[in-house]
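Participant: build me a model:
(chains A and B)
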There are 2 protein chains.
Amino acid sequence: MGHTSLQMKSEELDQADLMSSFRSRFQLPEDTIYLDGNSLGPMLKSVPERVSKTLHEEWADGLIRSWNDADWINLPETVASRIAPLIGASPQSVTVTDSTSINVFKVLSAALMLNRGRKGIVSEKGNFPTDLYLAEGIRDFLGQGHSVRLAEKDDEILDLVDDDTAVLILTHVDFRTGRMLDMEEITKQAQERGALVVWDLAHSAGAMPVSLDDVGADFAVGCGYKFLNGGPGAPAFVYVSKKHLGSAWQPLTGWFSHRTPFAFDHDYQASRSIKQFLCGTPPVLSMIALDESLKLWVEVDITEVREKSLALSNFFLECIDGMNLGEIFSTASPLENTKRGSQVSLRLADNGYAVMQALIAQGVIGDFRDPDILRFGFAPLYNTFNEVFSAVETLSVIMETETWKEKRFRQRKAVT
Amino acid sequence: MGHTSLQMKSEELDQADLMSSFRSRFQLPEDTIYLDGNSLGPMLKSVPERVSKTLHEEWADGLIRSWNDADWINLPETVASRIAPLIGASPQSVTVTDSTSINVFKVLSAALMLNRGRKGIVSEKGNFPTDLYLAEGIRDFLGQGHSVRLAEKDDEILDLVDDDTAVLILTHVDFRTGRMLDMEEITKQAQERGALVVWDLAHSAGAMPVSLDDVGADFAVGCGYKFLNGGPGAPAFVYVSKKHLGSAWQPLTGWFSHRTPFAFDHDYQASRSIKQFLCGTPPVLSMIALDESLKLWVEVDITEVREKSLALSNFFLECIDGMNLGEIFSTASPLENTKRGSQVSLRLADNGYAVMQALIAQGVIGDFRDPDILRFGFAPLYNTFNEVFSAVETLSVIMETETWKEKRFRQRKAVT
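Facilitator: Below is the predicted model:
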């Protein structure tokens, strides 16, 4: 299919799109095609008014009283109750607090405490680095001979899970390639070997249905600022299976994790609910922005999100193919729908960074991940098929005209 | 001195107040006397515009690019550089991240790792509970025979510091009574016994000069939302003495604590700077509000803040005395200026909660701390002497008319 037919097809797909009305709820910059919502989701138009209300009415006027009167104190549960249905979790199994990294520390620590006889932490080399760093951090802090073993390839993961494995921690959708693991099968097999299983849902929550309760996951964590659009550095969520509530214990035992935080007892009494996974005072302004952003989801059918996500990804691949870019780029993402999250990653042996910078300069925002990955995320709530077409067409022009060779595109910045 | 003379004196003191111009920078509710800035500081008028800019220009328009273009990535250092002078710290010793509770976990863990041969954590019973809970949490997580020992009284603290004490953690100003410890002397004596010393500055930063570098403190933590007015749940600061930078290591080893976070290596390489005390992605909106709130301090002389703070406290005590309230309330705070922070706490054997509720209903906001403490915080940047007079006069009327006996004042809410 040539450019013109692909363009026409994109318009037809947009006309048939049942989710197209959601786009107007986001404040998106003009002349920009945003395919990086898997890094930082855009802002819902309703957020500034809500934040303003929190600033003026709740903070400035209500002052300390707002912990009760504006119910700040229950924000972790309020926000969690909006996320729980998206990840197939009972609301009492979820809370929202701190960062994903800190929540990884909590659930890994809790898993090691529950599975005390065992010393192994297993993951895979491609996992998001922070998850691996925290596993190493816990191992080094405890100094009790724990091991962190990383599979080289996905199909070697379960081989590493043996009778000394306390916990297996995996990211459901790989941040570089978008490959998606079989959560149900891996959970089942790892648990059969006596391991507890932690899922990092950073690239899953809000992009596809997840069924934590049904697959019997032990713990999960995830991010508020990607497909959930909660704002830069939005607080993260943490999930603890009902079977572990009351017995799981994490060591960041700040006052919000106490059974009666405002009794100011000097002895620690662990909350027996999911609140044991809280620690200190939550950052209210960031929590409020996340809370407001999540309200949209009651109108959204997450299975439809997944359908459109796959349609966008497949149309992207079709455009790559139709514009003969398959000769330049290889596809780093799995082609099978059941094995891919909500992104497509292209590989370019050299100059991938410069090509992505040239794309961004043309208003097509994806991102680059070392050493050779150009990453394009698809967010069904606001991305259109026509955007996908235009993005690939822009890429095609950049490659043809070699604009990426300009010096300004080849300089590195701190965060890419 | 009677009511009228005290009122006149309050007006004279306000007229002579060199700091009076700062009050107009805060958005304070009308008909309210706010003496709870040691719980949650009020909002600077400049905050909403800054937050709005971050929402619209940086998040909505800049999207992912704002990590570089709006310098979000350096917020922990930018904000820290505003706090460092207030606590007598080199900027390279301070960062701003996470909550005070989480930072307590980091510095206690780091101290135990530095002082490995020793097993003791020492504090005192009146310390803010979260600090004690975290000490217990670390002890229980490590399971290596560490002890947490708490002094019953201040003058018994150093007796507990022996040749097995790894770390002494103390809050400089007691949250209940406002009693202030001698940071220099305690640090010196504890260090002479081989202990490392952590100071919690929750009720000190922004209320008085602190000299962390000069007293040779090893670590410190503190709160962004009290006297620093950073907003509800504002991120907290953490201080690591220059002598420990590069060797101190904390176990929440998220990607922001890595030497090169954006290389996405799977092996952890600890940053050798204060960044090792970061963990995950910072909550940008809450960081921005704190950053904006802190800008005021370049205009402020912190020694003048302390002078006015003491004058407010002493005038409060004079009013209590002058209105014969000393017969009803005892003073829980030390009367000596050198031993008191920026608050005065009154003790009432029974019904303290109801009395505070009656005060709040009359627009005088302090807070109640179990079992018998009425707490009044003085923030020199916005509190006036006339407010102090009016607060005590209102208290006097409430005690005389016994309005606190009304049923509505006697019900308990979740957060007090």
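
Participant: hey, what's the residue lying closest to residue A:205 once chain neighbours are set aside bridged with?
Facilitator: Computed as CB to CB, 6 or more residues apart in numbering or on different chains, the closest residue to residue A:205 that is not its neighbour in sequence is residue A:222, at 4.4 Å. C-beta: built from backbone N, CA, C; applies to glycine. According to DSSP bridges, residue A:237 are recorded as the beta-bridge partners of residue A:222.

Participant: all strands for the stretch 151-300 of chain A, in order.
Facilitator: Per DSSP state E, counting those that start in this stretch, the stretch 151-300 of chain A carries strands over the ranges A:165-171, A:196-200, A:219-222, A:236-240.

Participant: got the contact list for the residue nearest to residue A:205?
Facilitator: Taking CB atoms under 8 Å, 6 or more residues apart in numbering or on different chains as the criterion, residue A:222 is in contact with A:83, A:87, A:100, A:200-202, A:204-205, A:236-237, A:239.

Participant: drop anything exposed from those residues.
Facilitator: Listed as buried from the contacts of residue A:222 are A:83, A:87, A:100, A:200-202, A:204-205, A:236-237, A:239; burial here means 16 or more other CB atoms under 10 Å in any protein chain shown.

Participant: and the furthest pair within those?
Facilitator: Using CB to CB, the buried ones among the contacts of residue A:222 reach their maximum pairwise distance at A:83 and A:200, which is 14.5 Å.

Participant: separation between the closest residue in space to residue A:145 that isn't next to it in sequence and residue B:109?
Facilitator: Distances taken as CB to CB, 6+ apart put residue A:119 closest to residue A:145, at 5.6 Å, once the chain neighbours are dropped. According to CB to CB, to the nearest Å, residue A:119 and residue B:109 sit 20 Å apart.

Participant: please say which of those two ends up with more neighbours.
Facilitator: Looking at residue A:119 and residue B:109 with other CB atoms under 10 Å in any protein chain shown, you find the greater number of neighbours at residue B:109, namely 23 against 16.

Participant: isn't the more buried one right up against residue B:253?
Facilitator: No. Under the contact definition of CB atoms under 8 Å, residue B:109 does not touch residue B:253, with a separation of 10.8 Å.

Participant: ranges for the helices of chain A?
Facilitator: Listed in chain order, the helices of chain A (DSSP state H) span A:3-16, A:47-53, A:66-69, A:75-83, A:100-114, A:129-142, A:157-160, A:183-192, A:212-215, A:284-294, A:302-322, A:352-361, A:385-401.

Participant: return the most buried member of these.
Facilitator: Of all those, helix A:284-294 has the most neighbours on average by mean count of other CB atoms under 10 Å in any protein chain shown, namely a mean of 27.

Participant: name the helices or strands packed onto it?
Facilitator: In terms of contacts (3 or more CB pairs under 8 Å, 6 or more residues apart in numbering or on different chains; DSSP states H and E), helix A:284-294 is packed against strand A:43-44, helix A:47-53, helix A:75-83, helix B:284-294.

Participant: what packs against the first one?
Facilitator: Spelled out, it's strand A:43-44. Judged by 3+ CB pairs under 8 Å, 6+ apart, strand A:43-44 is in contact with strand A:26-27, helix A:284-294.

Participant: can you list contacts of the first one?
Facilitator: Right, strand A:26-27. Counting by CB under 8 Å, 6+ apart, the neighbours of strand A:26-27 from elsewhere in the structure are A:42-45, A:229, A:381-382, B:56, B:60.

Participant: export the helices and strands packed on strand A:43-44 to JSON lines and tack on mean pLDDT?
Facilitator: Written out in JSON lines, the entries for these read as follows (pLDDT from 0 to 100):
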{"stretch": "strand A:26-27", "mean pLDDT": "98"}
{"stretch": "helix A:284-294", "mean pLDDT": "98"}
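
Participant: can you tell which of those is closest to residue A:14?
Facilitator: With distances scored as CB to CB, the stretch of the helices and strands packed on strand A:43-44 nearest to residue A:14 is strand A:26-27 (15.8 Å).

Participant: partner strands of that closest one, with direction?
Facilitator: In its sheet, and by DSSP bridges, strand A:26-27 pairs with strand A:43-44 (antiparallel).

Participant: average pLDDT for the strand it pairs with?
Facilitator: Summarised as a single mean, pLDDT over strand A:43-44 is 98.

Participant: again, but for stretch A:133-149
Facilitator: Average pLDDT, stretch A:133-149: 98.

Participant: how far off centre is that stretch?
Facilitator: Put simply, stretch A:133-149 sits 24 Å off its chain's centre (CA atoms, centre = their mean, to the nearest Å).

Participant: now swap in stretch A:343-357 and tell me
Facilitator: The gap between where stretch A:343-357 is centred and where its chain is centred comes out at 21 Å by CA atoms, centre = their mean.

Participant: what does that stretch rub up against?
Facilitator: The set of residues that contact stretch A:343-357 without belonging to it, under CB under 8 Å, 6+ apart, is A:38, A:173, A:176-178, A:203, A:313, A:316-317, A:320, A:325, A:328-333, A:366-369, A:371-378, A:395, A:398-399, A:404-405, A:408-410, A:412, A:416.

Participant: give me that answer again for 7 Å
Facilitator: Identification of contacts with stretch A:343-357 by CB atoms under 7 Å, 6 or more residues apart in numbering or on different chains yields A:38, A:176-178, A:313, A:316-317, A:328-333, A:366-368, A:372-378, A:398, A:404, A:409-410, A:412, A:416.

Participant: how long is it end to end?
Facilitator: 18 Å (CA to CA, to the nearest Å).

Participant: for the stretch 101-250 of chain A, which residues are neighbours of chain B?
Facilitator: Within the stretch 101-250 of chain A, the positions lying close to chain B (CB under 7 Å from any CB of the partner chain) are A:101-102, A:105, A:109, A:125, A:129-130, A:132-134, A:136-138, A:140-142, A:150, A:231-235.

Participant: break chain A into its domains for me.
Facilitator: The record assigns chain A these domain ranges, following automatic domain parsing: A:3-45+A:301-409, A:71-298.

Participant: with distance to residue B:64 as extra columns, can I get these in JSON lines?
Facilitator: Shown next, in JSON lines, are these (distance: least, CB to CB, whole Å):
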{"stretch": "domain A:3-45+A:301-409", "distance to residue B:64": "5"}
{"stretch": "domain A:71-298", "distance to residue B:64": "9"}
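
Participant: relative to residue B:282, which of those is closest?
Facilitator: For residue B:282, the closest of these is domain A:71-298, at 4.8 Å, according to CB to CB.

Participant: with adjacent residues omitted, what lies nearest to the most centrally placed residue in chain A?
Facilitator: For chain A, the residue lying nearest the average C-alpha position, counting by CA atoms, centre = their mean, turns out to be residue A:202 (2.0 Å). Nearest-residue entry for residue A:202: residue A:223, 4.2 Å, with adjacent residues in sequence omitted and distances by CB to CB, 6+ apart.

Participant: what's around the one you found, how many residues?
Facilitator: Neighbouring residues of residue A:223 were enumerated by other CB under 10 Å; the total is 29.
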